[in-house]
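*Asks:* sequence first, then the predicted structure:
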Amino acid sequence: MAVDLLLGLQWGDEGKGKIVDVLTKNYDIIARFQGGPNAGHTLEFDGIKHVLHTIPSGIFHEEAINVVGNGVVIDPVIFRKELANLSQFEIDIKSRLLISRKAHLILPTHRLLDAASETAKGKAKIGSTLKGIGPTYMDKTGRNGLRVGDLELSNWKDKYRALADKHEAMIHFYNVDIQYNLQELEAEFFSAIETLKKLTFIDSEEYLFQAQKEGKGILAEGAQGSLLDIDFGTYPYVTSSNTTAAGACTGLGVAPNQIGKVYGIFKAYTTRVGSGPFPTELFDEDGATMGRVGNEFGATTGRPRRCGWLDLVALKYAVQINGVTHLMMMKSDVLSGFETIKVCTAYHYQGKKISHLPYNIEASNVTPIYTELKGWEQDLTKMNSEDQLPKTLMDYIEFLEEALEVPIQIVSVGPDRTQTIHRELAVS
Ligand code: GDP
Ligand code: IMO
Ligand code: MG
């Protein structure tokens, strides 16, 4: 059985959590492969909203096993809070949530280093979520990291101490004013580690290999978005992992020839939280309307998200890099009421018209060229089949499918599980 992937195609927050939850009924295992608690994945059903940061979005389905893969970085303190939020649902966590021994741990000093680095950068800051993601992946690639499997060894605290002491020296090196009480942070960390140790640790690559052999359906859940990828995103304004399809292979130990469908998720417009270039960003009433109607505030940090029109140049790039086979368009309902919908189909760059992402994509040197389409008035949020969708929305969908050369399988018309329109496609 092939492993299917679900990935964000923009700058994150496309609605991955909602769609993983919707698709989980078709799978036996949901596996997160990268990122950490910088992610905030929102699910809504039965009138309740849940935000998950590290735990995969299949957790509310009784039949599904959820795996936190080796590519993920785990903050035990945040993880414990997530578990506490789930306690009311009587989920058998011990058997349904499995953690890779090879996943790396975020230490309290990683968070402090993140803050020190951002403060030192001043105006050039990345706009990090300050969850310690960058420093933890730096220790991973620097071959210094502390892994979940280390917790099963008797000397893990020595390893911890050596790493935390090194971090403290590095924090002083930054020479910025960061206030902290390490003793308190460590007490919280050590007690959260005890909770983590009660969970089931596995060799996840072996587990997934066997599951595949047994014909189990596996869906890999991405975090962040393709334009935040460490290699292919808008560097340096990116996160510190491979958010694109290849990241699922390294983040789970799945061979490339085992990958099946690649679901690519995008919003009907674009948002970005944090710093960095965003060619179609709007600073006018239209952008404010998207933010207000779409309730565009970060699920992890609460920061307002920057909003703008759909950028087909960037989206096509993401479709190519990931080998997307099926598209899902989210938050279509938010565009109801716009007389005209704009789509960026090319850029003006250094006196030329280009239709690819240039190396140096600074907001100031790229001007979007827009195609205008007619909008729709209708409220979509109660619609539940394709034949109810307004003609002008169908025109928008067809325009995008033609440009991207990939079918749009799902049109999402609201945050709830039920507000999801599955389209009949020629491909399955
Ligand atoms: P993720 O990080 O990709 O899982 O996305 P987030 O959860 O950070 O952000 C997506 C937000 O949009 C959440 O608040 C969702 O509840 C909400 N959402 C998802 N799909 C839709 C939709 O089709 N319409 C509307 N209005 N909201 C949606
Ligand atoms: P989900 O999975 C949106 C952004 C941050 C910042 C940059 C680097 O919910 O889509 P980091 O904390 O990784 O060092 O921050 O990446 N960022 C996200 N933006 N959604 C996310 O995750 C994000 N995770 C990180 O805002 O610009
Ligand atoms: Mg999010």
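*Replies:* Okay, I see it. Ligands and ions are numbered 1, 2, ... in the order given.

*Asks:* the helix or strand hosting Gly247 near ligand 2 at all?
*Replies:* For Gly247, the element it lies in under DSSP states H and E is helix 245-252. No - judged by CB under 6 Å from any ligand atom, helix 245-252 and ligand 2 are separated, with a smallest distance of 12.4 Å. The C-beta positions use only the backbone N, C-alpha and C, and glycine is treated the same way.

*Asks:* let me know the next secondary structure element after that helix.
*Replies:* Using DSSP H and E, the helix or strand that follows helix 245-252 towards the C-terminus is strand 259-267.

*Asks:* where does Pro277 sit: helix, strand or coil?
*Replies:* Put simply, Pro277 is coil when judged by DSSP: H, G, I helix; E, B strand; the rest coil.

*Asks:* and it, what is it in contact with?
*Replies:* By CB atoms under 8 Å, 6 or more residues apart in numbering, the contact set of Pro277 is 234, 237, 361-363, 366.

*Asks:* helix, strand or coil: sort out the residue in the stretch 251-400 of the chain that ligand 2 sits nearest to for me.
*Replies:* Using CB to the nearest ligand atom, the closest approach of the stretch 251-400 of the chain to ligand 2 is made by Gly274 at 2.1 Å. Classification of Gly274 using three-state DSSP returns coil.

*Asks:* OK, contacts around it?
*Replies:* Gly274 neighbours (CB under 8 Å, 6+ apart): 11, 126-129, 237, 303.

*Asks:* same question for Phe189.
*Replies:* Neighbour list for Phe189: 76-77, 107-108 [criterion: CB under 8 Å, 6+ apart].

*Asks:* using PDB, write out every CA atom in the longest helix anywhere in the chain.
*Replies:* Secondary structure assigned by DSSP state H gives helix 156-174 as the longest helix of the chain. Provided in PDB are the C-alpha atoms of helix 156-174 (Å, rounded to 0.1, in the frame of the first residue of the first chain):
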ATOM      1  CA  TRP A 156      20.100  11.100  29.400                       C
ATOM      2  CA  LYS A 157      20.300  13.700  32.100                       C
ATOM      3  CA  ASP A 158      24.100  14.000  31.500                       C
ATOM      4  CA  LYS A 159      23.500  14.600  27.800                       C
ATOM      5  CA  TYR A 160      20.800  17.100  28.700                       C
ATOM      6  CA  ARG A 161      23.100  19.000  31.100                       C
ATOM      7  CA  ALA A 162      26.000  19.200  28.600                       C
ATOM      8  CA  LEU A 163      23.600  20.500  25.900                       C
ATOM      9  CA  ALA A 164      21.800  23.000  28.200                       C
ATOM     10  CA  ASP A 165      25.200  24.400  29.500                       C
ATOM     11  CA  LYS A 166      26.400  24.900  25.900                       C
ATOM     12  CA  HIS A 167      23.200  26.700  25.200                       C
ATOM     13  CA  GLU A 168      23.600  29.000  28.200                       C
ATOM     14  CA  ALA A 169      27.000  30.100  27.000                       C
ATOM     15  CA  MET A 170      25.500  30.700  23.500                       C
ATOM     16  CA  ILE A 171      22.700  32.800  24.900                       C
ATOM     17  CA  HIS A 172      25.300  35.100  26.600                       C
ATOM     18  CA  PHE A 173      27.200  35.300  23.400                       C
ATOM     19  CA  TYR A 174      24.200  36.900  21.700                       C
END
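
*Asks:* please identify the buried residues of it?
*Replies:* For helix 156-174, the neighbour count (16 or more other CB atoms under 10 Å) marks 156, 160, 163-164, 167, 171, 174 as buried.
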